[in-house]
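Enquirer: sequence and predicted model, in that order:
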Amino acid sequence: MGEIKVSPDYNWFRSTVPLKKVGIYRIPLSEVTEILFTTIIAKRNRKSKNIIVDDDDSKIWSLYDAGPRNIRCPLIFLPPVSGTADVFFRQILALTGWGYRVIALQYPVYWDHLEFCDGFRKLLDHLQLDKVHLFGASLGGFLAQKFAEYTHKSPRVHSLILCNSFSDTSIFNQTWTANSFWLMPSFMLKKIVLGNFSSGPVDPMMADAIDFMVDRLESLGQSELASRLTLNCQNSYVEPHKIRDIPVTIMDIHLLQFHGTKYAAIDPSMVSAEELEVQKGNLGISQEEQ
């Protein structure tokens with residue numbers, strides 16, 4: 001077992017930040033009265049302990065929501081194929097300590113990008129988040145871009161942070177096998193994913209990180225892995241003209257540009273007056289250059 005899973009930081013995270021699960025289910029109002037609808041939903045919620053928000057009660061989103069709840073434009077993390085919501089625990093601990101609101105997600109089983117985008121939009125509606133900053137790693141980055149593309153007429157993504165991501169699935173040369181992943185057993189799917197992990201000599205910190213990701217991979221079921229690999233390899237690309245107005249920058253400087261605006265993901269009390277003055281000056285220079 002890797003050191004990360006038994007580390008004080010990880011144990012502190014799991015003991016202080018609760019894992020929430022949000023289900024997707026809806027009963028057509030044409031079939032029941034509004035009062036009956038409300039009663040049925042309440043009973044389902046009490047029984048399942050999941051929050052029901054849309055079409056299919058098999059769609060369960062897992063999420064960690066940490067930081068000040070008054071922030072209405074938080075930073076949301078989307079994991080790679082092998083990741084779960086808690087792979088971002090270090091980022092959550094660090095960023096919330098600086099006053100940011102951070103949400104880390106683990107998506108349910110979706111078999112195409114449009115279905116994912118529709119489900120993610122309904123999740124944001126339930127969380128009452130009109131706009132968000134999205135951080136995506138690998139597949140998570142591609143899905144973040146597809147969601148920005150999907151909502152370009154009524155934008156829900158204020159900025160994108162992409163880590164080891166891509167904008168066209170054809171780079172994997174697996175589009176012809178994308179529709180067969182659902183047939184493969186779990187061990188074969190895990191072998192495909194593990195083939196992308198480094199197998200050569202690595203430093204101890206990287207080795208611990210790989211061990212942690214392997215452990216998280218083992219927690220995923222066959223349908224979860226098959227659907228993620230399908231989304232990763234299904235023939236699709238991001239239409240650049242639909243996301244060209246969205247800021248995309250590196251994580252360590254990315255969110256500073258929104259300090260002092262309504263799209264800030266940080267509690268305003270955590271930002272010094274001097275920092276705000278510097279940011280306003282940088283913003284003025286940027287606008288003059290444009």
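Expert: Happy to help now that I have it. All figures in this text were calculated on a predicted structure; none of them were measured in a lab.
Enquirer: now Ser62: which helix or strand?
Expert: If you go by DSSP states H and E, Ser62 is part of strand 59-66.
Enquirer: for the helix or strand hosting Arg121, packing partners?
Expert: Assignment of secondary structure by DSSP H and E places Arg121 within helix 113-126. On a contact count with 3 or more CB pairs under 8 Å, 6 or more residues apart in numbering; DSSP states H and E, helix 113-126 meets strand 19-24, strand 59-66, helix 139-150. Any C-beta I mention is one placed from the backbone N, CA and C, and that applies to glycine too.
Enquirer: so what strands line up beside the strand holding Ser62?
Expert: Paired with strand 59-66 in the same sheet, following DSSP bridges, are strand 19-24 (antiparallel), strand 102-106 (antiparallel).
Enquirer: what angle separates it from helix 113-126?
Expert: Strand 59-66 runs at 50 degrees relative to helix 113-126, counting by axes from the mean of the first three to the mean of the last three CA atoms, to 10 degrees.
Enquirer: what's the next secondary structure element after strand 59-66?
Expert: Per DSSP H and E, strand 59-66 leads on to strand 75-78 as the next helix or strand towards the C-terminus.
Enquirer: any idea how far Asp215 is from the residue positioned nearest the centre of the chain?
Expert: For the chain, Leu78 is the residue whose C-alpha lies nearest the centre (CA atoms, centre = their mean; 2.2 Å). Distance of Leu78 to Asp215, computed by CB to CB, to the nearest Å: 20 Å.
Enquirer: and if you look at Asp203?
Expert: Taking CB to CB, one finds Asp203 at 19 Å from Asp215.
Enquirer: of the two, give the one with the bigger neighbour count.
Expert: Asp215 (15 against 8; other CB atoms under 10 Å).
Enquirer: the more buried one: which element?
Expert: Element membership for Asp215 (DSSP H and E) is helix 204-218.
Enquirer: ditto for Ile192
Expert: Assigned by DSSP H and E, Ile192 belongs to helix 186-194.
Enquirer: list the buried residues of that helix.
Expert: By neighbour count with 16 or more other CB atoms under 10 Å, helix 186-194 contains the buried residues Leu189, Lys190, Ile192, Val193.
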